[in-house]
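Trainee: Quick one, structure for this:
(chains A and B)
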Amino acid sequence: MATIDASSLLEAELLSKSYGGARALNGVSFDLRRGEIHALLGENGAGKSTLIKIISGSVPADAGAVRLNGRELRSLTATGALAAGIGTVHQELSLIPQLSVADNIHLGQERLRVGRLLDKSTMLKEAREALERLGLQVDPRRKVAGLSRAEMQLIEIARVLHHRSPVLILDEPTASLSHGETEELFRILVELRAQGIGIVYISHRLAEIRALADRVTVLRDGEKVDTLELATVTDQRLVELMAGRSLDKLFPQIDARHGEVRLRVGGATSSGLHDASVEVRAGEIVGVAGLVGGGKSELGRACFGLERLESGYVEVDGARMRKLSPRRAMAQGLMYYPPDRKTEGLVPTATLAEALSLGPVVTGAVTSNGFLSKRAIADYNDHAVQALRIKPANQELGIRWFSGGNQQKALLGRSFAADFGVHVFDEPTVGIDIGAKVDVYEHMKRLVAAGKAVLLISSDTEELLGVAHRIYVVREGRIVADLRGDDRTETNVVNAFFGTSRPQVAVGGGNVDRSV
Amino acid sequence: MGLLPVLLLGAVVLFAFMEPRFVSGDNGINIARQLSFLLLLAVAQMLVLLTAEIDMSLASNIALTSVVSATVMTKVGDGSTAILAGVLAGLATGLLMGLVNGLVTSVFNVPSFIVTIATASLGFGSALLLSDGSPISGLPEGFTTNLGYSSVGPVPVSFVIALVCVAVLYVVLYWTKLGRYIYSVGGSQSASRLLGVPVAQTKTVAFVLAGGLAAVAGLLLTARVASGEPNLGSEYLIMSIAAAVLGGTSFFGGEGRLGFVAIGALFLVVLSNGMNLIRVSSYTQEIVIGLLLILAVVLDRWQARNAR
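Mentor: Below is the predicted model:
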């Protein structure tokens, strides 16, 4: 660890912020030292994002002050904060897809030469250096549009690093990074710390915080619970501070029943899938693992008619679906929950009430002859809010004001819209905190107990091992493993990812032991 | 939206102060009559804006409706058969134009801004061809008197018709499945599609309804001027957009309330009526409308940014 200069680099004093009457942050103070990695920890709605948005100048505080090197920063804007030396990488990517990597890195800080023309060669050279610092093998002349999400994330970080800000704020930077990319990022962060840069690091992954951070500040319900030296506190204690209660286990015990086959995909072939066959029985959760871009998302989309099949079929309760569309799939009893809450999952202009009730409006559960039954809608919404523990329970609040976890739960609200026999979840817990994750798992548990079939597509191997009774591994569009029982181990899953060693159970292998 | 009632109140107080005739009963009837046309067009535009599209052909729709209905009426002859035939032909014209706008926009997934500019040109051209460029007079008296000049008590018939249309639209928007679809499609097309909302169908229906509302306005205006005119209602395109956006309808779709848009229309009518009374030239009035529209979209943008 680098020697810590005990003087504060960045100080936030008694920051408060309310959104339309909902208090997001209440008198929170926070300080960051030179050469320190300071983790921010808290459940969804705890105020982490709001705190970061204030410090990085994207929203104004209602009260309180932010000081950098003892100097107060007034009427801060996003560009003002960056110019003052606070570089932020937000969860949402802010790159311009039509521009090149180099142009994106220099955006707003273009190098000029005589005659105010762009100095393209210098910009290219600097971009190359910025990418090299991150060990990123990308041609800076390439358009951002064609890059993977992980590459975009790293370019976003490269852009901030390029400004050589003394303060670096990272909001869930590893959410879409692979293991190798994450390690590379950590190596760079440790190096930056040694150079005296102060880093605020937000993550839900305790292991990451443990590996990186010097101190941790825990937030809950918009207030600061404590700031602690990480060496002095256990993971268990951190979770308890965060939740305000003790959480025994993240993954609930979910018993499998293995009834009739409710979902069967046979020989599905499309641009992203090659002869993929899966089946899910009543009363079980079947996981789908695989690398990003490997075809696991396409499998879920294919079930809902969002991925065009060149050949193959999808059957729900034995009925084969023709000309698949979301509408037809829903009518047959299949519901799909997309991974991207913001663009595909929710209508951003809706209130919570509208977001919850759109599903049953479509299925006709709360309408008669095309007219809305306001009573039925209210009952439906009340039930969903209670069953999924959506907070705050203010149904007239715009869905955009809810935290990621509660938006996710609002998305799951459509599961009550009809008696769906099959539920396909794609990355249902990405970017949400532990408390919300538990609620999502509990929801799945209830579905399974009611004899539904659940297909869980996830990049979180721990999650799959924790809740899935069976795990398919997808690589390059093919099902390369079907792991059951004791074969469900991290090693087997990871080996199947890369095809490094033969998994214990071959595809379609005659393993008849269904006990888990 | 917060600004609109203040603007309206300010305008009323200002005009009342400057011109006593502004607060007379006769002028109230005037305002009601002028409001009936704009109200129909403003809610028509709002309906389309809610689905994150725009209808640039509303004014052209009025002109074509006017010419078609007048042609049919004069061809059929006199009496109630002619009136009925003319009204039905006019409504069909407006609905058809909306259908073309909607189908081309949603089936081919092209920007409605371009599509409706094109159909506006089609509509104006057809209106000019059909009328040979000059007004078609000699409409049945029953048509011009009943729709153009008579009243229910002190209230002009045109205003009653507009209110009935708005009331029906209110029920559609807030009490039916279709209304929910219109809002959700505008808020997010992809999220709506993923829930099985028929996106193309919803957009098409919004355009058709808007076309129908514009046709009603076209018929009322035709009755008022007692002739089929190929250049009728040209000022109403920008007014419809201004009223909808001043009333808080977002250009980005999914946001806007019917009641507020009605207030937006009322504000514009009060403004133009008052300016006429205090003899502001029509040239200056155009400038004022333009400035207001800029103000409205800037406010819309600003609200959208703050909402993020």
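Trainee: okay, CA-based contacts and neighbour counts for the rest of this
Mentor: Noted.
Trainee: For B:L7, see how far away A:L76 is.
Mentor: Taking Cα to Cα, to the nearest Å as the measure, A:L76 and B:L7 are separated by 32 Å.
Trainee: Comparing those two, which residue is more hemmed in?
Mentor: Set side by side, A:L76 and B:L7 give different neighbour counts by other Cα atoms under 10 Å in any protein chain shown, the larger being at A:L76 (20 against 14).
Trainee: Let me know whether B:G138 touches B:S227 as I believe.
Mentor: Yes - in this structure B:G138 lies within contact range of B:S227 using Cα atoms under 8 Å: 7.1 Å.
Trainee: Just give the number of residues close to B:D300.
Mentor: 21.
Trainee: and what of A:T491?
Mentor: By the other Cα under 10 Å criterion, the neighbourhood of A:T491 contains 12 residues.
Trainee: and if you look at the one 4 residues further on?
Mentor: The criterion is other Cα under 10 Å. On that basis, A:N495 has 16 neighbouring residues.
Trainee: Secondary structure element for it, which one?
Mentor: In this structure, A:N495 is located in helix A:490-498 according to DSSP states H and E.
Trainee: helices or strands up against that helix?
Mentor: In terms of contact count using 3 or more Cα pairs under 8 Å, 6 or more residues apart in numbering or on different chains; DSSP states H and E, helix A:490-498 is assigned the packing partners strand A:285-290, helix A:461-467, strand A:470-475, strand A:478-484.
Trainee: would a markdown table of these with mean pLDDT, distance to chain B and mean neighbour count be doable?
Mentor: Listed next are the helices and strands packed on helix A:490-498 as a markdown table, based on pLDDT from 0 to 100; distance: least, Cα to the nearest Cα, whole Å; neighbours: other Cα atoms under 10 Å in any protein chain shown:
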| stretch | mean pLDDT | distance to chain B | mean neighbour count |
| --- | --- | --- | --- |
| strand A:285-290 | 94 | 21 | 28 |
| helix A:461-467 | 88 | 25 | 18 |
| strand A:470-475 | 94 | 24 | 26 |
| strand A:478-484 | 93 | 25 | 25 |
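Trainee: between the helix holding A:N495 and strand A:478-484, how big is the angle?
Mentor: Angle of helix A:490-498 versus strand A:478-484, following axes from the mean of the first three to the mean of the last three Cα atoms, to 10 degrees, is 170 degrees.
Trainee: now the angle from helix A:490-498 to strand A:470-475?
Mentor: For the pair helix A:490-498 and strand A:470-475, the angle between their directions (the same axes, to 10 degrees) equals 30 degrees.
Trainee: picking that back up, and B:G138 and B:S227? which has more neighbours close in?
Mentor: Each of B:G138 and B:S227 has its neighbours counted (other Cα under 10 Å); B:S227 has more, 23 against 16.
Trainee: between the helix holding A:N495 and strand A:285-290, how big is the angle?
Mentor: An angle of 50 degrees separates the directions of helix A:490-498 and strand A:285-290 when computed by the same axes, to 10 degrees.
Trainee: Give the buried residues for helix A:490-498.
Mentor: For helix A:490-498, burial by neighbour count (16 or more other Cα atoms under 10 Å in any protein chain shown) applies to A:492-497.
Trainee: what do you get for stretch B:274-294?
Mentor: Of the residues in stretch B:274-294, those scored as buried under the neighbour-count criterion (16+ other Cα under 10 Å) are B:274-275, B:277, B:289, B:292-293.
Trainee: out of those residues, what pair is the most spread apart?
Mentor: Set against one another by Cα to Cα, the buried residues of stretch B:274-294 have their most distant pair in B:L277 and B:L293, with a gap of 22.1 Å.
Trainee: just to revisit the earlier point, can I get the buried residues of stretch B:274-294 in CSV including distance to B:V216 and pLDDT?
Mentor: Formatted as CSV, the buried residues of stretch B:274-294 follow (distance: Cα to Cα, whole Å; pLDDT from 0 to 100):
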residue, distance to B:V216, pLDDT
B:G274, 26, 95
B:M275, 27, 95
B:L277, 28, 94
B:I289, 24, 90
B:L292, 26, 89
B:L293, 25, 89
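Trainee: Near chain B, which residues of chain A are found?
Mentor: With the criterion set to Cα under 8 Å from any Cα of the partner chain, chain A comes near chain B through A:325-327, A:330, A:343-350, A:358-359, A:361-362, A:367, A:370-373, A:400.
Trainee: coming back round to it: which one of the buried residues of stretch B:274-294 is nearest to A:A46?
Mentor: Ranking the buried residues of stretch B:274-294 by separation from A:A46, with Cα to Cα as the measure, puts B:L293 on top at 40.7 Å.
Trainee: ok, the closest one - contacts?
Mentor: B:241-242, B:245-246 (Cα atoms under 8 Å, 6 or more residues apart in numbering or on different chains).
Trainee: In CSV: those, plus pLDDT.
Mentor: Formatted as CSV, those follow (pLDDT from 0 to 100):
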residue, pLDDT
B:I241, 95
B:A242, 93
B:V245, 92
B:L246, 91
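Trainee: Next, give me the two most distant ones among the residues you listed.
Mentor: With distance counted by Cα to Cα, no two of the contacts of B:L293 lie farther apart than B:I241 and B:L246, which are 8.3 Å apart.
Trainee: Just give the number of residues close to residue 13.
Mentor: With no chain named, the answer covers chain A. Per other Cα under 10 Å, the neighbour tally for A:E13 reads 16.
Trainee: think we crossed wires, I meant chain B
Mentor: For B:V13, the neighbour count with other Cα under 10 Å is 13.
Trainee: Contacts for whichever strand or helix holds it, please.
Mentor: Using DSSP H and E, B:V13 sits within helix B:4-18. The contact list for helix B:4-18, computed with Cα under 8 Å, 6+ apart, reads B:22-23, B:246-247, B:263-264, B:267, B:270-271, B:274, B:278.
Trainee: Recalculate using a threshold of 6 Å.
Mentor: Counting contacts by Cα atoms under 6 Å, 6 or more residues apart in numbering or on different chains, the residues outside helix B:4-18 that touch it are B:22, B:267, B:274.
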